[in-house]
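**Student:** pasting the sequence and the predicted model now:
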Amino acid sequence: MEKIAIFPGSFDPFTKGHEDIVLRGSELFDKVIVAMGNNTNKKRYFEIDRMVGLIEETFKDIPSVEVILYDELTASLAKKHGAEYLLRGLRNTTDFEYENSIAQVNRTLNPELETVFLITSPKFASISSSVIREVHGYGGDVSEFLPYTI
Ligand code: ADP
């Protein structure tokens, strides 16, 4: 059976840290679905459709990586796509605390869904979407942290 993983996130913006998780995940799974949460109540900094295009562009040479938008429970989304794995990245203990509780809830909602964590590569450990938004907002150069040009 095909091993399908969903990599859910806000990706506001999608960073080199996220790219690293997807690339490493694509070595482990037959398909990686990058699923960008499209929560209409949450205000985004980077325009969502543009970000989808930029992520697609980033993985244009890797056919096993797909990019989608979603606005539902991740556990249900996984079921719909036949995904048995949820891929997440871990940078530090703060990520761990947060990810631990989400993973437990997701397991309760969909017991067939296994959350798989990849520890960040050291060179990307300090990259966070929120810091990039802050730097970009003040006109700083964030190109170093992104796998595409904005
Ligand atoms: P969310 O809002 O769902 O946390 P994010 O877009 O912030 O979405 O992150 C998606 C996933 O990527 C999370 O598992 C997060 O821990 C992970 N991640 C974020 N930045 C990095 C990084 N630099 N290295 C590894 N994983 C990361």
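**Tutor:** Alright, I've got the coordinates. The structure displayed is predicted, hence computed values, not measured ones.

**Student:** only C-alpha atoms for contact and neighbour calcs from this point on.
**Tutor:** Fine.

**Student:** next secondary structure after the biggest helix by length in the chain?
**Tutor:** As assigned by DSSP state H, the longest helix anywhere in the chain is helix 93-109. The helix or strand immediately downstream of helix 93-109 is strand 114-119, counting by DSSP states H and E.

**Student:** who touches that following strand?
**Tutor:** The contact list for strand 114-119 (CA atoms under 8 Å, 6 or more residues apart in numbering) reads I21, E84, Y85, L86, L87, R88, G89, L90, R91, A103, R107.

**Student:** ditto for stretch 132-148
**Tutor:** D12, P13, F14, T15, K16, E19, Y45, L54, T58, I127, T149, I150.

**Student:** using PDB, write out the CA atom coordinates for that stretch.
**Tutor:** Extracted C-alpha coordinates of stretch 132-148, given in PDB (Å, rounded to 0.1, in the frame of the first residue of the first chain):
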ATOM      1  CA  ILE A 132      10.200  36.100   9.200                       C
ATOM      2  CA  ARG A 133       6.900  38.000   9.200                       C
ATOM      3  CA  GLU A 134       8.300  40.500  11.700                       C
ATOM      4  CA  VAL A 135      11.600  41.100   9.800                       C
ATOM      5  CA  HIS A 136       9.700  41.400   6.500                       C
ATOM      6  CA  GLY A 137       7.200  43.800   8.100                       C
ATOM      7  CA  TYR A 138      10.000  46.100   8.900                       C
ATOM      8  CA  GLY A 139      11.500  45.900   5.400                       C
ATOM      9  CA  GLY A 140      14.300  43.400   6.300                       C
ATOM     10  CA  ASP A 141      15.700  40.900   3.800                       C
ATOM     11  CA  VAL A 142      14.300  37.500   4.400                       C
ATOM     12  CA  SER A 143      15.500  35.800   1.300                       C
ATOM     13  CA  GLU A 144      18.000  33.800   3.200                       C
ATOM     14  CA  PHE A 145      15.200  31.900   5.100                       C
ATOM     15  CA  LEU A 146      13.000  31.100   2.100                       C
ATOM     16  CA  PRO A 147      13.400  28.500  -0.600                       C
ATOM     17  CA  TYR A 148      11.900  30.800  -3.300                       C
END
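
**Student:** nothing else from me, thank you.
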